[in-house]
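[1] dropping the sequence and predicted coords here.
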Amino acid sequence: MRASGSSLFGLVVLAGAAVVGLGVWEHVQTERLGARIAGAAQAGDIAMISSETCSYCGAARAWFQEHRVRFAECFIESDAGCAERYRALMAPGTPVLVVRGEPQLGFSARRIAAALER
């Protein structure tokens, strides 16, 4: 059985609408999560150990700034104390987020929210 041109067009439109709807839903969820974290995070709750060449660090920094989340950041290349803290954590890479004393390797807004809500 062959689908007619109008049936195929309808399926394409429906699929496109589903993709757009999913994108909108994901954006809303990200905004809500950002607001939750921003509301829960107090000064000193989130520290990010970064590297100046780490693109993931830049993405995490941009996310925090976009959602107005308070955080502190240090760079292992230019801050001896930061480098020592990084070595003490025996982290295999950056960023390392320390959320209320709990180290987390890599950026995950959901993990940060969970640590703040404990």
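    Yep, that arrived. Numbering: from 1, shown residues only.
[2] now do stretch 102-117: everything it contacts.
    30, 33-34, 36-37, 40-41, 45-46, 56, 59-60, 63, 89, 91-93, 95-100 (CB atoms under 8 Å, 6 or more residues apart in numbering). The way it works is simple: take the backbone N, C-alpha and C, and place the C-beta from them, glycine included.
[3] same check, this time on stretch 82-89
    So stretch 82-89 is contacted by 49, 74-77, 94, 96, 103 (CB under 8 Å, 6+ apart).
[4] need the buried ones from those selected in ChimeraX.
    A single ChimeraX command is used to select the members of the contacts of stretch 82-89 judged buried by 16 or more other CB atoms under 10 Å:
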select :49,74,75,76,94,96,103
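[5] for Leu11, state which of the contacts of stretch 82-89 is nearest.
    Thr94 (44.9 Å; CB to CB).
[6] who's in contact with the closest one?
    By CB under 8 Å, 6+ apart, the neighbours of Thr94 are 49-51, 54, 56-57, 76, 86.
[7] can you rerun that using 6 Å?
    With contact taken as CB atoms under 6 Å, 6 or more residues apart in numbering, Thr94 is in contact with 50-51, 54, 57.
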